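1. got a predicted structure here, sequence first:
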Amino acid sequence: MEPSNSSDNVTLETIVALAKRRGFIFPGSEIYGGLAGTFDYGPMGAVLKDNIKNLWWRMFVDMRDDMYRLDAAILMNPKAWEASGHVSGFSDPLVECSNCKKRFRADQLENPEKCPSCGKEHTFGEVRQFNMMFATKAGSTEDESATVYLRPETAGGIFVNFKNVVDSMHPKLPFGIAQIGKAFRNEIAPRDFIFRLRELEQMEIEYFVKESGWKDAFSELQALMHEFAKALGLSEVHELEVEKADLAHYSERTIDFEFDYPFGRKELWGLAYRGDFDLKAHQEASGAKLEYLDEELKEKFIPHVIEPSLGVDRTLLAVLLSAYREDDLGGEKRSYLALPPAIAPVKAMVAPLLKNKPELVAKAREVRAVLQKVHPAIAWDDNGNIGKRYRRQDEIGTPFCITIDFDTLGENPDLLDTVTLRHRDSGEQERVSIAEAAERIRTSL
Ligand code: ATP
């Protein structure tokens, strides 16, 4: 059977089950019956998520000399969210069914006359605007406490630190400020596993430009997003040019990057040209000067901005869907994740052929230590028979499995210090030196 790929035919249930079984993703607060819109990343998922974020840092920030990192607070002065328009406008249209009391996003109903939950017709009342920001109180006593919001996007922290970054780092325009962090949205209908969450994570950049330079910067970031999709091994990503009529009033161009999830083609990431709307709004509301001084032209102005906004969770789901394969190996059906080695949670697994032979175990430990100089994420797995170990590693996407046997110890002198290297995708095995195994791992990353 040819390996079958993937997002075309894999069901969401298959991915949810694999994610649970292999320690990637668990329902949030599961032993208490869960909490809608929250998921917890397990031992494998937490590493995969970090690897995706690290690849983003590398490609969008570290490899360039025009990007600056930021790690801003989740809680911000509520005036910032008034200025940005979130207090008045960050809302979704909500309808409630008068029969079953379930709530829905009015713009996502397939049939606005019929409740998708209880099936009754004409039970929806008026459409209300529902603000999606989570509010809480800051301060220990009721009278000194003020309403604050959990940030609904990471971008806000970037704009309010524009002046701090300019004053401390003296960047030359164009430059970007990049941030990864949690954001919170009280989604009316969280759903589709980790696609629509109430607690999510974003990777965002505000890339500041002179107005005349926005088109070039936009194209460059657009190309970089496609490169990132490729490096993650995503199957096709589609661009949706947002129609002029649907654009926010300050935006001249927005592209949605869409992915074919099992529940339809949906937004994965966004790229928006936002003009000078945000800095202008914060300058007006705060009174701080958020201008940039062009030293050469002796000119002061508010920069325009391009915003690539990427959801970590939606990316991770697209990665799992794209990597999932099923095939027949040696007459047995198996499933595996063809993850790019750079983001695989485990880079290789090392095991002694038999775990009750101390000399094999000692040698295997030694080999693992050699390989860990290449990358620390080298797993040790001597549990169960070797076929079971391989299946476990295949399902978490480990590119190589390395087995130490008596030939490694020199039982056949020609094979001294060689190991069996098994390839995840083909299941093929070859005999290579320990040094060669290390080199294979190094060059795969
Ligand atoms: P949607 O239309 O699907 O609600 P959006 O247009 O509101 O998304 P943005 O505000 O542009 O999304 O947010 C930027 C990115 O953050 C999205 O492209 C997505 O990757 C991610 N994101 C937004 N909302 C959620 C959510 N509820 N759960 C998970 N990721 C999200």
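-> Looks like it came in fine. Residues are numbered from 1 along each chain as shown.
2. for the ligand, what are the nearby residues on the stretch 251-400 of the chain?
-> Residues of the stretch 251-400 of the chain lying close to the ligand by C-beta under 6 Å from any ligand atom are 267-270, 309-311, 313-314. The C-beta positions use only the backbone N, C-alpha and C, and glycine is treated the same way.
3. quick check: the residue of this protein nearest the ligand.
-> Residue nearest to the ligand within the chain: Gly311 (2.3 Å; C-beta to the nearest ligand atom).
4. let me know the pLDDT of Lys114.
-> We have a pLDDT of 92 for Lys114.
5. please identify the buried residues of stretch 310-323?
-> 310-323 (16 or more other C-beta atoms under 10 Å).
6. could you dump these into JSON lines and include pLDDT?
-> Shown next, in JSON lines, are those (pLDDT from 0 to 100):
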{"residue": "Leu310", "pLDDT": "98"}
{"residue": "Gly311", "pLDDT": "98"}
{"residue": "Val312", "pLDDT": "98"}
{"residue": "Asp313", "pLDDT": "98"}
{"residue": "Arg314", "pLDDT": "98"}
{"residue": "Thr315", "pLDDT": "98"}
{"residue": "Leu316", "pLDDT": "98"}
{"residue": "Leu317", "pLDDT": "98"}
{"residue": "Ala318", "pLDDT": "98"}
{"residue": "Val319", "pLDDT": "98"}
{"residue": "Leu320", "pLDDT": "98"}
{"residue": "Leu321", "pLDDT": "98"}
{"residue": "Ser322", "pLDDT": "98"}
{"residue": "Ala323", "pLDDT": "98"}
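7. among those, which are in strands?
-> Mapping these onto strands (DSSP state E) picks out 310-311.
8. quick one, helices of the stretch 251-400 of the chain?
-> 277-286, 312-323, 358-372, 386-396 (DSSP state H, counting those that start in this stretch).
9. how many neighbours does the nearest residue to Leu279 once chain neighbours are set aside have?
-> Spatially, and ignoring its direct neighbours in sequence, Leu279 is nearest to Leu290 (4.5 Å; C-beta to C-beta, 6 or more residues apart in numbering). Counted with other C-beta atoms under 10 Å, residues neighbouring Leu290 total 20.
10. and if you look at Thr147?
-> 11.
11. who touches it in this structure?
-> 78, 135-138 (C-beta atoms under 8 Å, 6 or more residues apart in numbering).
12. nearest to Lys182 among those?
-> Thr136 (14.2 Å; C-beta to C-beta).
13. quick check: that closest one touching Leu150?
-> Yes: assessed by C-beta atoms under 8 Å, Thr136 is found in contact with Leu150 at 6.8 Å.
14. which one's more surrounded, those two?
-> Leu150 (18 against 11).
15. the residue most central in space within the chain and Leu55: what is the separation?
-> For the chain, the residue nearest the mean C-alpha position is Val312 (2.1 Å; C-alpha atoms, centre = their mean). As judged by C-beta to C-beta, to the nearest Å, Val312 and Leu55 stand 11 Å apart.
16. one step back: between the contacts of Thr147, which sits nearest Arg422?
-> Closest to Arg422, out of all of the contacts of Thr147 and judged by C-beta to C-beta, is Thr136, at 51.1 Å.
17. now that closest one: closest residue in space that isn't a chain neighbour?
-> Leaving aside its chain neighbours, Thr136 sits nearest to Val148 (6.1 Å; criterion: C-beta to C-beta, 6+ apart).
18. can you list the buried residues in the helix or strand containing that neighbour?
-> Per DSSP states H and E, Val148 falls inside strand 146-149. Within strand 146-149, the residues that count as buried by 16+ other C-beta under 10 Å are 148-149.
19. in this structure, what secondary structure element scores lowest on mean pLDDT?
-> strand 4-5 (a mean of 54; mean pLDDT, DSSP states H and E).
20. now the very next helix or strand once past that one: average pLDDT?
-> Counting by DSSP H and E, the next helix or strand C-terminal to strand 4-5 is helix 12-21. Mean pLDDT, helix 12-21: 98.
21. alpha carbons only: can I get the strand holding Val148 in PDB?
-> What follows is strand 146-149, C-alpha atoms only, in PDB (Å, rounded to 0.1, in the frame of the first residue of the first chain):
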ATOM      1  CA  ALA A 146     -10.000  48.000  38.100                       C
ATOM      2  CA  THR A 147     -11.300  46.000  35.200                       C
ATOM      3  CA  VAL A 148      -8.400  44.700  33.200                       C
ATOM      4  CA  TYR A 149      -8.500  42.400  30.100                       C
END
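22. gap between the following helix or strand past it and the chain center?
-> Next helix or strand after strand 146-149 toward the C-terminus (DSSP H and E): helix 155-160. The chain centroid and the centroid of helix 155-160 are separated by 20 Å under C-alpha atoms, centre = their mean, to the nearest Å.
23. so is helix 155-160 next to the ligand?
-> No: judged by C-beta under 6 Å from any ligand atom, helix 155-160 stays clear of the ligand, getting no closer than 8.8 Å.
24. ok, and what's touching that helix?
-> So helix 155-160 is contacted by 70, 72-73, 76, 80-81, 84, 86, 151, 177, 179, 181, 204-206, 278-279, 282, 286, 290, 307, 309 (C-beta under 8 Å, 6+ apart).
25. which strands or helices does the next helix or strand along the chain from that helix pack on?
-> Using DSSP H and E, the next helix or strand after helix 155-160 towards the C-terminus is helix 162-169. In this structure, helix 162-169 packs against strand 67-70, with contacts taken as 3 or more C-beta pairs under 8 Å, 6 or more residues apart in numbering; DSSP states H and E.
26. tell me which strands the strand it packs on pairs with, and in which orientation.
-> Strands that pair with strand 67-70, judged by DSSP bridges, come out as strand 175-184 (parallel).
27. returning to that earlier point: and of the helices of the stretch 251-400 of the chain, who's closest to Trp380?
-> Proximity to Trp380, assessed across these by C-beta to C-beta, is greatest for helix 358-372 (6.0 Å).
28. can you pull the buried residues of the closest one?
-> Quick answer for helix 358-372 (16+ other C-beta under 10 Å): 360-361, 363-364, 367-368, 371-372.
29. quick one on the thing from earlier: now secondary structure and distance to the ligand too, for the contacts of Thr147, in JSON lines please.
-> Listed next are these as JSON lines, based on DSSP: H, G, I helix; E, B strand; the rest coil; distance: C-beta to the nearest ligand atom, whole Å:
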{"residue": "Pro78", "secondary structure": "helix", "distance to the ligand": "19"}
{"residue": "Ala135", "secondary structure": "strand", "distance to the ligand": "17"}
{"residue": "Thr136", "secondary structure": "strand", "distance to the ligand": "19"}
{"residue": "Lys137", "secondary structure": "strand", "distance to the ligand": "24"}
{"residue": "Ala138", "secondary structure": "strand", "distance to the ligand": "24"}
